[in-house]
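Q: Pasting the sequence and the predicted model now:
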Amino acid sequence: MNMLGNKKSRSRNPAVVSRNISTVRRNQASTRQASSKNNVGHTSAQVAQKSREHAPDYMILVLALILIAAGAIIGYTNSPGLTEVRGLPGDFYTKKQFIATGIGLVAFAITARMKIETWKILVKPIAITAIVVALAVRLFGTPIYGAYRWLDVAGISVQAAEVIKFALVIWLSYFIYDRKKHGDLFEKDQLKKVAIISAATVFVVAGLQSDLGSAAVMVAMIFSALFIAGLPMKYIMYSAVGVVVAGALAILPSAYRLQRVETFLNPTADCQDAGYQVCQALISVGSGGAVGRGLGRSVQAYGYLPEALSDSIFAIIAENTGFLGAAFVLLVFLELFRRLHKIAVASPDTYSRYLVYMILIWLASQTMINIGAMIGLLPLKGITLPLISFGGTSIIFVLAALGICFKISRSTDLRAAQMKELQEGSGTTAKRTTQSERTSQRRVYRSI
Amino acid sequence: MHIVYVFFILFVLVAIGRLFYLQIIKHDYYKSQANASQFRSYEIPAERGQILFENNGELLPLVLNERTYTVVSDPLIISDKDATATKLSEILGKDKGEIYDALDDDTVRYQVLARGVNADIKDAVELAMREGEIEATFAEATSKRVYPYETLASTTLGFVDDEREGRYGLEQALNEELSGTPGRVKALTDQNGIPLLASGDNVSVEPIDGQDIVTTLDPTMQKQVELLLEKGVKNANSDFGDVVVLEANTGKIRAMASYPSYDPSKFREVEDTYQFINSAVARPLEPGSVIKTLTVAAALEEGVVYDGQTYFDPSFYVVDGYTIRNVEEDGGAATRSIEDILSFSLNTGATWLLMQMGGGELNERGRLVWEDYMDNKYMFGQTTGVEQGFEETGITPDARNGDALNLRYANSSFGQGMTVTPLQMASALATAVNGGTYYQPTLVEGYVSSDGEYTQKQPEVKLDGIFSEDTSNTLVQYMITTLSNNSYTRPALRDGYKIGGKTGTAEVANPAGGYYTDRYNGTYVGFVGFDKPEYIIMTRVNEPNIGGYAGTTAASPIFVDVAKLLTDELSAVDGE
């Protein structure tokens, strides 16, 4: 009973446990796996001890810092030329990003210490804040190319969509948790509620802010939430049709958005006008070659590729550091999301699980949309690459969200996670698991 | 595993595959795409060679370069044209509307806004670019010709136009030597075309500066000759004229002046391009009686007449139904010497010489002899190859084909019905009086390469042995006599010097046929020297409006002035 979370007892066991596991599973030997394997040996009764905390997954922070550093290095090395062209002070971009990273780390530290229960209480205030921000950006924001995205608060520019996405994470996780608890999630009234709130959010973000990228992320989050909650596929299909129709209605009246869609279908047809940014992104990526032009050696950043350090930074990374650097960034993201996924699987309770999943879906879909656009796989959207892109609001809220995951990683049910891994292993090895383990597996199944 | 995570794993795999495709497989394609837009090629202009002259063994500049800047914009990438135009009008001190109009034309990618501006304006333009007050505007370094001697020899030197091309005169003829080879920079640039200096990919070819030309012109002489020419042309109420001072024994042109001229630093203000023309090489004329010197030399050299010979001159000949008469001096039918042909400027005498070349009558044999002299010994009907733009050839009649050939040839024996440039005339006379060597007339003493090495050019002999010393000496003596017999030219005589010459008063051909009865060109060709002729002086006054014979009253005073200048003031002709 008292062995779980007790470092001494864990360190006493490894030999026995390892032997157990080796008969069950593949013989990998990383320390991280070893520690997970440790717990597999415990009895099912120990699963109940999930509220007890253990060491968090520091790798989340490490990976986040690697990504932030990657962005900062690219920004720092290329910004002398960028700032000079615009007559800005040399540290214009890097200084802002440094401050934002500092605030973001403070936010991380706070959310990493907050009790998960607290978020349930904060749902309403956060939702109201998001609504206020959404309204304020329309009323007081300065339109850039007809899109209301930025709000000046005491001299600091806040990107409204980042606040809204964060709020959506908090609200959606609570909503599906709460409704599931009441067992009425899939009743008409509740679904209507989801539909209305979703439609309103997407309308605000896509329609008023012309931020199709963030709108797509939000749609992904809402659908995933319903999927996670177990909404029958048929409803999801119906809504998908609805979203496509709504999307078409949102896109067709706007020549600007329509052009983007056309550009996606044939990105290099019109390199001078509509396809300009896509072409320039592909040129940046392609001209980087295997190892890149070298840090600070970007040419595309100097006027060719718009938003070089914010939305388009991945293309500049690819140009500076080539295939090696770009693939490295992708793998770091993959590892970060693998860890988030693992935390979600092993979450101590369903609410935490929903939170981590929502965050994972948010960040993963945003990463895919951004990078996909830069390499010509997806239509171009104005959206930041989490943690790497320069842009204060994004980095602060992403770090705050990762803080939540970090907190949850302290109390993951590692045994359950191990079960999950086992269950994903080959059928023959799975057969050799114990009865109690199979019970855990089933539990894990149900909870997903 | 959650579907989003699975999806992400798939995405990472696809993305890495895609990156591999873009960055490894298609790298060359995108690299070339990048280069196509990022690399821009710039020309680094080579410094144009200067024009120098030699003075006591020292090379001094006649035409210099000064570093200036050209302000250019790329209107296509200027988004706020109004702001750029406003600020530029402030910097350049030009009308804003004018600049705005220039920037408003998106079809031009290289709009010149100002030329020849100084470094202060260049700095102001660059500062405004850095401050973001203007867009896509640059100050390109270029150089401007500077003329310390102002208008001196402008028609001979020419000028350099806005495209850095030499126009007219020496600048045009030696444009290639003066221009050098421009260098090139291929640089990675930002979207505004500004080279990224940090880039290691810049490729550059250093420019090779043009050669300096050391001219044969003597600025002091040139200046005086120009003043004398101007005075003479004005006195004669003429619209233009020219003087060539040519070294008889080297072909070097010491002075070549035409009037009117212009200020090469203000060539854009010149309205009539005729002012750019060096008439001494570009405006041939029917030279008139000055040719008789050459006819005499030819006849003497052919041995068909001899010094001291006399003949009966009937004072007119009827040739092909046309009567050839004498114009300037008509003493009636008389016995004449060969010298008299020059001294009295006998058209009939020149015709008689042509007859002697044909064995006593006007015929094809005589015509062929004289044609051979004109075309192959005096080098008429072709450019001399002097270093001048727009040099004309002149025309000599064909000895075999055409109507009234005998009349034409008789006319050509006294300088009608054929045209020459004053420089051709001077070079031909130099050949006749220097013992028979045709020197290539030239304005170039030598070249100084871009690394400072001075290579002197040797006089170029185009033809040799055309005349015997005897023929030359005889002709020189005849011309001295001719000069001293004329009250207009006698003042040029100096004791101990050999100074001789011959007037020409040529009828002006009417383009409608025949000749004007009241329009003449005045010409004079002569030499100045000590033991032998050293300088040939050829002058032409176009259609003077003055009493008397044009050659005598309009052209010979200029010759006299220039001859005096050479003997008295410049000591160009010294006794040694």
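A: That came through fine. Residues are numbered from 1 along each chain as shown, chains lettered A, B, ... in the order given.

Q: Disregarding flanking residues, what is the spatial nearest neighbour of residue 388?
A: By default, I'm working from chain A. Take residue A:388 and drop its neighbours on the chain: the residue closest to it by Cβ to Cβ, 6 or more residues apart in numbering or on different chains is residue A:71, 3.7 Å away. Yep, even glycine has a C-beta here, placed from its N, CA and C like the rest.

Q: Please refer instead to chain B.
A: residue B:281 (4.6 Å).

Q: That neighbour - how many residues pack around it?
A: Using other Cβ atoms under 10 Å in any protein chain shown, residue B:281 has 30 neighbouring residues.

Q: so it, which of the three states?
A: Look at residue B:281: counting by DSSP: H, G, I helix; E, B strand; the rest coil, its state is helix.

Q: Could you pull up the residues touching it?
A: Residues near residue B:281 by Cβ atoms under 8 Å, 6 or more residues apart in numbering or on different chains: B:256, B:384, B:386, B:388, B:390, B:391, B:392, B:421, B:422, B:423.

Q: Phi and psi next, for the fourth one.
A: Just to be clear, that refers to residue B:388. phi -140, psi 140 (degrees, to the nearest 10).

Q: State the distance from residue B:89 to residue A:292.
A: 44 Å (Cβ to Cβ, to the nearest Å).

Q: out of those two, which sits in the more crowded spot?
A: Neighbour totals were compared for residue B:89 and residue A:292, and residue A:292 leads with 22 against 17 (other Cβ under 10 Å).

Q: Spell out which parts of the stretch 201-350 of chain A neighbour chain B.
A: Neighbours of chain B within the stretch 201-350 of chain A, by Cβ under 8 Å from any Cβ of the partner chain: A:220, A:224, A:227-228, A:279, A:282-290, A:296-297, A:299-300, A:302-304, A:318, A:322-323, A:326-327, A:330-331, A:333-334, A:337-338, A:341, A:344-345.

Q: try 7 Å
A: Proximity of the stretch 201-350 of chain A to chain B is confined to A:224, A:282-283, A:285-290, A:297, A:299, A:302-304, A:318, A:322-323, A:326-327, A:330, A:334, A:337, A:341, A:344 under the rule Cβ under 7 Å from any Cβ of the partner chain.

Q: count of residues packed around residue B:548?
A: Other residues close to residue B:548 by other Cβ under 10 Å number 13.

Q: Unless I misread the structure, it falls within a strand.
A: No. Judged by three-state DSSP, residue B:548 forms no part of a strand; its state is coil.

Q: Which residue is it, in the stretch 251-400 of chain A, that comes closest to chain B?
A: Going by Cβ to the nearest Cβ, chain B is nearest to residue A:286 of the stretch 251-400 of chain A, at 2.3 Å.

Q: name the element that residue belongs to?
A: Residue A:286 belongs to helix A:276-288 when assigned by DSSP states H and E.

Q: Same check on residue A:362?
A: Per DSSP H and E: helix A:350-374 holds residue A:362.

Q: Other residues contacting the following helix or strand past that helix?
A: With elements assigned by DSSP H and E, the helix or strand that comes after helix A:350-374 is helix A:392-409. Residues outside helix A:392-409 that contact it (Cβ atoms under 7 Å, 6 or more residues apart in numbering or on different chains) are A:56-57, A:60-61, A:64, A:96, A:100-101, A:103-105, A:107-112, A:114, A:116, A:158-159, A:162-163, A:166, A:169, A:340, A:343, A:347, A:352, A:355-356, A:359, A:363, A:384, A:386-387.

Q: Tell me where chain B is predicted with low confidence.
A: Scanning chain B for pLDDT under 70 picks out the ranges B:1-2, B:108-109, B:192-203, B:328-330, B:572, B:574-576.

Q: One more: the stretch 151-300 of chain A?
A: In the predicted model of the stretch 151-300 of chain A, residues A:154-155, A:250-274 satisfy pLDDT under 70.

Q: List the residues that contact the nearest residue to residue B:385 once chain neighbours are set aside.
A: For residue B:385, ignoring the flanking residues on the chain, the nearest one in space by Cβ to Cβ, 6+ apart is residue B:440 at 6.2 Å. Residues near residue B:440 by Cβ under 7 Å, 6+ apart: B:251, B:385, B:460, B:462.
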